[in-house]
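> let me see the structure of the following:
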Amino acid sequence: MRTGEGHTAELPIGVISAVVVDDSRPGKTLLGVRRPSALATRHPGVLSTPTMRMPDDMFGPLSDGYPDPLGVAGMIGIDGPLLNVGHGGQTQSMASFVLEALFTRKLGLGGPIGDGRFHALARPRFLSLDNVSDPLGTERAEWTAMITYEVRIRQGGETLPAATESYSRLVWVDSAKVPRALATRDALLLDETLNAAEVCVQGLCVRVAVAALGFSEFAPDLVGGAGAVPEL
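Below you'll find the predicted structure:
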């Protein structure tokens, strides 16, 4: 899929997103409050999954082989190979390298990934396209193409910080409450210590996360179901 500056559906910006769960925190999903910065001016205060914009010449190979939305907004379920994040995963594939870049750049895990303390398994789950509005109320909507990965932390979840340069808060929320929080735009349903006047729940990444958390092949404990947690 070709990407560009986001002015049209045919040339959207390219984004990677991760729906992160942790074996040591059953039923929880990782979300972060985006911190305003000179490089991220559009979505401050939004509660989102970890996301990162991709170079145009990298998003195409990452999405190669999956159905192309062809300029029409929507969400397509995809399935690809199992990937390592940490434990040398960066040499396994471009997708592993990019996921490690996301966890290093956005979640501050360069040290734990580099010294072997952090390890996760991942798999691509959705390819989405949408015209994403600016939560600040401007008219600067951007067409956005996004690959969403399911990421299950197997080791080192405790190395995640409480905040990073990209996220003023990182919180583990009840996965089963995410759909209602999104529908009502009520961040306090997920964490009552958040500032309701500053934090909102909306956006493509959380909408896709809701679909991922209900995905039939996703671990059943994420949506309150019973049974053993399957391997990715």
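
> residues in contact with the helix or strand bottoming out on mean pLDDT in the chain?
When the helices and strands of the chain are scored by mean pLDDT, DSSP states H and E, strand 200-201 comes last with a mean of 80. Identification of contacts with strand 200-201 by CB atoms under 8 Å, 6 or more residues apart in numbering yields 45-47, 135, 181-182, 185-187, 190. The way it works is simple: take the backbone N, C-alpha and C, and place the C-beta from them, glycine included.

> tell me which two of those sit farthest apart.
Greatest spatial distance in the contacts of strand 200-201: Pro135 and Leu190, 16.6 Å, computed using CB to CB.

> between these two, point out the one with more neighbours.
Between Pro135 and Leu190, counting by other CB atoms under 10 Å, Leu190 is the more crowded of the two (22 against 15).

> confidence score at that one?
Note on Leu190: pLDDT of 91.

> any idea how far apart the tips of stretch 15-32 sit?
Start-to-end span of stretch 15-32 (CA to CA, to the nearest Å) is 16 Å.

> circling back to that earlier point, of the contacts of strand 200-201, which one scores lowest on pLDDT?
Among these, Pro135 has the lowest pLDDT, at 59.

> in the protein, where's the longest helix?
Longest helix in the chain by number of residues, with DSSP state H as the criterion: helix 94-105.

> how far does that helix sit from its chain's centre?
Relative to its chain's centre, helix 94-105 lies at 12 Å (CA atoms, centre = their mean, to the nearest Å).

> tell me which residues in stretch 107-127 are buried?
Using 16 or more other CB atoms under 10 Å as the test for burial, stretch 107-127 gives 107-109, 112-113, 118-127.

> and if you look at stretch 9-27?
Neighbour counts over stretch 9-27 (16+ other CB under 10 Å) mark 9, 11-22, 27 as buried.

> relative to Leu170, which of the residues you listed is nearest.
Closest approach to Leu170 among the buried residues of stretch 9-27 (CB to CB): Val20, at 9.8 Å.

> let me see the contact set for the closest one.
29-30, 49-50, 120, 151-153.

> re the thing from before, of the contacts of strand 200-201, just the buried ones, PyMOL syntax please.
Those of the contacts of strand 200-201 that count as buried under 16+ other CB under 10 Å are selected in PyMOL with:
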select buried, resi 45+46+47+181+182+187+190
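
> who does the helix or strand just after the least confident helix or strand of the chain touch, helix- and strand-wise?
Using DSSP states H and E, the helix or strand that follows strand 200-201 towards the C-terminus is helix 204-213. Packing contacts for helix 204-213, counted by 3 or more CB pairs under 8 Å, 6 or more residues apart in numbering; DSSP states H and E, involve strand 13-22, strand 28-34, strand 46-48, strand 74-77, strand 119-132, strand 142-155, helix 178-184.

> contacting residues around helix 204-213?
Where contact means CB under 8 Å, 6+ apart, the residues beyond helix 204-213 that reach it are 15, 17, 19, 29, 31, 47-49, 51, 75, 125-126, 128, 130, 132, 144, 146, 148, 150, 175, 178-179, 182, 218, 222-223.
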